[in-house]
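Asker: Need a 3D model of the following:
(one chain, ligands or ions: 1)
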Amino acid sequence: MQKAEYEVIPFPKSNLPAPSRSIEGLKPYDAVSSLDAISRLPAGLSPLKLDWNESVIPPSPRVVDEITKFLRNGHHINWYPDLGASKLRRTLAAYCGVDSEDIIVTNGSDDALSLICSSYLDPEDDVVVVWPTYGHFVIFVKGRGVEPRMAAPEDPFDNPTETIRRTIRQDTKLVYIASPNNPTGVVTPPEDVQALCREFPSTLFVVDEAYYEFCRVTSAWLVGKMPNLIVTRTFSKCLSMAGLRIGYLMASQEVISNLKRLYNPKSVNVLGQVGAAAALMDYEFISRYVNDCRAARSWLVQELAARGADVRNTQGNYILVRVKDPAGFCGRLESVGVFVRDRSFIEGFEGYVRITVGPLDYMKEFVRRIDMLLEKNPDLMAPWSIA
Ligand SMILES: Cc1ncc(COP(=O)(O)O)c(C=O)c1O
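Answerer: Okay, the predicted model is just below:
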């Protein structure tokens with residue numbers, strides 16, 4: 001093809017429009033992905049990707065089968081998806097025990113959290129976040145021009161309910177509780193969620209249950225009974241579909257109708273919708289994965305403790321170790337193809353590294369590589385101590 005020749009007129013030195021005032025102080029979200037490092041690993045060294053709490057195995061074979069069948073009809077790609085994922089919502093209703101009208105399906109649960117913040121928050125609002133927690137929620141809050149107040153229990157592994165009670169004000173608009181919390185693994189009992197909802201009826205409580213399947217404790221049964229409760233969940237963890245970006249939220253009709261004002265009903269891609277419905281139909285696969293991870297979690301905690309680590313079990317698909325040199329620990333693991341997540345930069349969480357847990361075979365391989373490293377570096381897991 002012949003290259004057209006255009007005269008490039010220099011762009012004038014001008015003032016580009018400023019972004020919204022609400023994001024003025026925000027730095028770009030610096031997501032640290034190990035995928036590049038994984039692609040550079042030498043042939044023969046299989047990666048152990050234990051950094052983002054994804055499932056370590058592919059989804060149920062039914063997911064791939066249904067997506068493949070679906071793709072045989074070419075039109076299924078050039079048409080927009082089932083708006084509002086109505087079919088998937090019906091399957092989810094049975095899985096969660098809530099009415100399909102009380103569910104909104106989103107592009108990952110991040111999209112649900114973002115939708116909640118965009119729909120409800122103005123710069124003058126008060127927001128309380130249990131701390132430490134999943135950092136991306138804080139960005140969604142800050143993106144609305146709100147500086148959240150943290151409810152940080154003195155011991156981050158304590159039930160946060162009392163701290164929330166002390167931190168919350170009558171005018172607090174929204175409280176965020178991840179349960180199990182990431183990274184602490186703490187579960188907030190649904191009875192406490194119910195009590196808070198009743199005590200503060202003009203506050204919205206967002207309970208993020210991204211890791212629900214691994215603990216099976218849920219506040220979903222309160223949806224509809226507590227009109228100020230929103231529960232969010234994801235297909236990215238136990239259901240092995242992080243790459244397809246499917247999440248959902250459950251809430252009362254009043255909240256749902258407010259969220260629908262901004263919700264984009266075509267934001268959830270067709271393959272994700274088809275795959276998610278198929279994943280939910282394979283309950284045996286889900287429950288086997290959960291049981292395998294739970295068994296491996298206890299095994300791993302024991303094995304690491306036996307090697308001198310300060311290790312903590314959680315109710316999610318991850319455990320924590322507290323080491324003297326978190327960066328060195330993570331770096332050495334990377335040299336043998338193991339990727340874990342340094343969480344030691346979080347205030348009040350110094351020394352902690354989070355390790356995703358998968359089934360036993362996988363964790364045995366992890367321990368084998370730890371043992372290899374320990375031979376040369378006996379201090380690899382030396383416990384963190386206050387200097
Ligand atoms: C507590 C919590 N909520 C939400 C998410 C985001 O999940 P999704 O992939 O559905 O956006 C994560 C991911 O790590 C998480 O840990």
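Asker: Let me know whether residue 357 touches residue 315 as I believe.
Answerer: No: Residue 357 lies out of contact with residue 315 (C-beta atoms under 8 Å); the separation is 11.3 Å. (C-beta placed from N, C-alpha, C; glycine too.)
Asker: Have a look at these two and say which one is more surrounded.
Answerer: With neighbours defined as other C-beta atoms under 10 Å, residue 357 and residue 315 compare such that residue 357 has more, 28 against 20.
Asker: Leaving out the residues flanking it, which one is nearest to that one?
Answerer: Using C-beta to C-beta, 6 or more residues apart in numbering and skipping residues adjacent in sequence, the residue nearest residue 357 is residue 297, 4.7 Å away.
Asker: Surely that neighbour is in a helix?
Answerer: Yes: secondary structure assignment places residue 297 in a helix (DSSP: H, G, I helix; E, B strand; the rest coil).
Asker: Quick check, pLDDT for it.
Answerer: On pLDDT, residue 297 comes in at 98.
Asker: Residue 2 now?
Answerer: Predicted confidence (pLDDT) for residue 2: 61.
Asker: I'd like the secondary structure assignment at residue 17, please.
Answerer: Under three-state DSSP, residue 17 falls in the coil class.
Asker: Burial check on it, number of neighbours?
Answerer: That count, for residue 17 with other C-beta under 10 Å as the rule, works out to 6.
Asker: One more: residue 126?
Answerer: Neighbour tally, residue 126, other C-beta under 10 Å: 19.
Asker: Now do the same contact list for it.
Answerer: 146, 149, 169, 171, 172, 173 (C-beta atoms under 8 Å, 6 or more residues apart in numbering).
Asker: now do 6 Å
Answerer: Going by C-beta atoms under 6 Å, 6 or more residues apart in numbering, residue 126 touches 169, 171, 172, 173.
Asker: Leaving out the residues flanking it, which one is nearest to it?
Answerer: What sits nearest to residue 126 in space, not counting adjacent residues and going by C-beta to C-beta, 6+ apart, is residue 172, at 4.6 Å.
Asker: Am I right that residue 349 is in contact with residue 135?
Answerer: No: using C-beta atoms under 6 Å, residue 349 is not in contact with residue 135; the gap is 11.5 Å.
Asker: Tell me the residues of the stretch 201-350 of the chain that contact the ligand?
Answerer: Contacts of the stretch 201-350 of the chain with the ligand, taken as C-beta under 6 Å from any ligand atom, map to 208, 210, 234, 236, 242, 247.
Asker: So which of those residues belong to strands?
Answerer: Among those, the subset assigned to strands under DSSP state E consists of 208, 234, 247.
Asker: Now restrict those to buried residues only.
Answerer: Buried members of these, counted by 16 or more other C-beta atoms under 10 Å: 208, 234, 247.
Asker: Tabulate those residues in JSON lines, adding columns for pLDDT.
Answerer: Below are those laid out as JSON lines (pLDDT from 0 to 100):
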{"residue": "208", "pLDDT": "98"}
{"residue": "234", "pLDDT": "98"}
{"residue": "247", "pLDDT": "98"}
